[in-house]
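> Build the 3D model from these lines:
(2 chains)
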Amino acid sequence: MAHLARAPPHLRAEHRAAAVPALLGRGGLMSAPASADEIPYDYRGTRPAAEVAAAHESLGTGEESSEVVRVAGRLMLLRPQGRLAFATLRDWSGSIQLFCLEAVTERFEELTRLNLGDWVGAEGEVVRTRRGELSVKVSSWRLLARAQHGFGDKWRGVHDPELRYRQREVDMWANEGVRDRFLLRSKVVAALRSLLQARGFVEVETPMLHAVPGGGFAKPFVAHYNAMHADFYLRIAVELYLKRCVIGGIERVYEIGRVFRNEGLSPKNNPEFTMLEAYQAYADYHDVAELQEYLISGAAEAALGTTRLTFEGRELDLTPPWPKITLEDAIEQSTGVRATLDMGESELRRIAGRLGVELQDRFDAGQVLTEIYEKTTEPTLWGPVHVMDYPESVSPLTRKHRSKPGYVERLTPIAAGRELGECYSELVDPLDQRARFEAQVADRLKGDEEAMEMDEDFLRALERGMPPTGGIGLGVDRLVMLLTDVHHIREVLLFPTLRPEAAREPGSPGDGI
RNA sequence: GCGCCUCUAGCUCAAUUUGGCAGAGCAACGGACUCUUAAUCCGCAGGUUCUGGGUUCGAGUCCCAGGGGGCGCACCA
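Coordinates of the predicted model:
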């Protein structure tokens, strides 16, 4: 493999092997690697620790069950005590104690010399010790992997963000609840899929590389496609392609996937994040608001077993139905000030000034009104609540309101002061859509880098006829944050975006612990 | 991009009011121990105090520059 020979010296296997003796005992490595024949190719028939514990809950103190089980996991604690030893083995279900006796356990001496962090498979009778701890009385065991780096302070875990996020595998063992949070995230995503399937929605996969970035307001990442001598953009939304699926006759369609936005990092934003979008033909924004409630509450039920949860120390009850309030009423409720589109831009700007909301010069009346709402009102809404009827100029893909001129039929589900997603009566009129795109292009010329571009492909699709359709977007990361009561998006992303590391030598600080 | 904070052993943290021999617990290593629960006990080792300059008799500590990280602002409508 030629590319390996060209790899930097510190990455070459033989270099690392040669470095092992020098690194041992100096903190670089805590053990030599296991020899090839030491590690079996399989270790079948194991049972989850939690399942073994549950099955023998009624076993009395000091009693033996006469049932032999196999368990496997990582060695978290080891308490050798002469001719007997206790160990705590952890797998993804939980922990179980290994009870080892020199007289019973094969290679007893070797077992007591394992390092914390080694993977071990053990087989023996399920017993409860005299001190009441359910245990596997080990008769035979195998080393399944050696840990050459430690897993941090066994009591306090690891706190260094570099370690936690760059080496998430350490975090998952060293810090309580980390792995479980990602397992919960998986349940949430699975629940969303099955809830949508139950309503007849079809999952599709649309392109990630877009020639024209569309469907949202964001600066895109650029990717160069050599074969076409052309730049493509990583998608910022999936909206336009899903609408084309509806036009193509897929009446209920959705996609769950990553979108990319070229924005700064913050506790609430990561440049790549997971979005659910779903479109339902013959539905309006009220219908899909109900769909949104069904998905969010259903995901909570599936992941937590309840729709009532605690976030930042406060109760939040996601049980549908959620109340609805207009944008203007919401502003009035939280600030005591009435602000409406027909007041005109200059009056709205005065109100914003009084409320201490900073504005950009290029904002029109709708953008000013929206800015007032987002700065003064949204963070104060605990909810859950739907905020509805936004100005047309901030929603270029949304259908005009059926009775309120200047507004569109858009509705935002809010919980704990944050947007969880969006609901829309989709814009299906190609003439109107063209006008909206033109307005966006004008914004772009005024310096708004995030304004949308004209998308003739999409317009042609609309011209073939799109039925009345309701659409939703749901931020999966934010939903998981809400359900797990964490306040940084990094806690729900397995490998959050970090600055690239400089190359480093093995054994240097940060090479491992 | 701007501002503030931070960086000490593999991990978690100490190190007297700008300064005076860089320490502990855990892990690792060697040993003792037949019911432990972060076991306990004895012993041993472990450091480019992020990097580079500067001030000083003397810098982990003070100053400057750079780097990593965190937070806030901006951006994210």
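> so which residue of chain A comes closest to RNA strand B?
Taking Cβ to the nearest atom of the strand as the measure, chain A has residue A:82 as its residue closest to RNA strand B, at 1.8 Å. Using the backbone N, CA and C atoms, a C-beta is placed for each residue, glycine as well.
> what number of residues lie near that residue?
7 (other Cβ atoms under 10 Å).
> can you check the one 3 residues further on too?
Counted with other Cβ under 10 Å, residues neighbouring residue A:85 total 21.
> and if you look at residue A:364?
By other Cβ under 10 Å, the burial measure for residue A:364, its neighbour count, is 17.
> Leaving out the residues flanking it, which one is nearest to it?
residue A:393 (5.3 Å; Cβ to Cβ, 6 or more residues apart in numbering).
> Could you tell me whether the one you found really is in a strand?
No - using DSSP: H, G, I helix; E, B strand; the rest coil, the assignment for residue A:393 is helix, not a strand.
> so who does it touch?
A:364-367, A:439 (Cβ atoms under 8 Å, 6 or more residues apart in numbering).
> ok, which residues in the stretch 201-350 of chain A are in contact with RNA strand B?
Taking Cβ under 7 Å from any atom of the strand, the part of the stretch 201-350 of chain A that reaches RNA strand B is made up of A:216-219, A:261, A:263-264, A:266-269.
> now do the same end-to-end measure for stretch A:189-205.
16 Å (Cα to Cα, to the nearest Å).
> Could you list the buried residues of that stretch?
A:189, A:191-192, A:195-196, A:201 (16 or more other Cβ atoms under 10 Å).
> got it, and stretch A:101-118?
Applying 16+ other Cβ under 10 Å to stretch A:101-118 flags A:105, A:108, A:111-112, A:114, A:116-118 as buried.
> Among the residues you listed, which ones lie close to RNA strand B?
Answer for the buried residues of stretch A:101-118 near RNA strand B (Cβ under 7 Å from any atom of the strand): A:112, A:116.
> Now secondary structure too, for the buried residues of stretch A:101-118, in a markdown table please.
Output for these, formatted as a markdown table (three-state DSSP):
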| residue | secondary structure |
| --- | --- |
| A:105 | coil |
| A:108 | helix |
| A:111 | helix |
| A:112 | helix |
| A:114 | coil |
| A:116 | coil |
| A:117 | coil |
| A:118 | coil |
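> So which of the buried residues of stretch A:101-118 is the closest to residue A:74?
Each of the buried residues of stretch A:101-118 was checked against residue A:74 using Cβ to Cβ; the closest is residue A:117, at 6.2 Å.
> Hmm, the closest one is touching residue A:75, no?
Yes - look at residue A:117 against residue A:75 with Cβ atoms under 8 Å: they come within range, at 6.5 Å.
> returning to that earlier point: next one: the residue of chain A closest to RNA strand B, what pLDDT does it get?
Residue A:82 carries a pLDDT value of 93.
> sorry, back to before: among the residues of the stretch 201-350 of chain A next to RNA strand B, name the buried ones.
By neighbour count, with 16+ other Cβ under 10 Å, those hold A:216-218, A:261 as buried.
> Name the member of those residues with the shortest distance to residue A:345.
Taking these together and measuring to residue A:345 by Cβ to Cβ, the closest member is residue A:217, at 19.8 Å.
> now that closest one, nearest residue through space, not along the chain?
In space, and not counting its chain neighbours, residue A:217 is closest to residue A:450: 4.4 Å by Cβ to Cβ, 6+ apart.
> Residue A:334: neighbour count?
15.
> what's downstream of the host helix or strand of it, the next helix or strand?
For residue A:334, the host element (DSSP states H and E) is helix A:327-335. Sequence-wise, the next helix or strand downstream of helix A:327-335 (DSSP H and E) is helix A:345-355.
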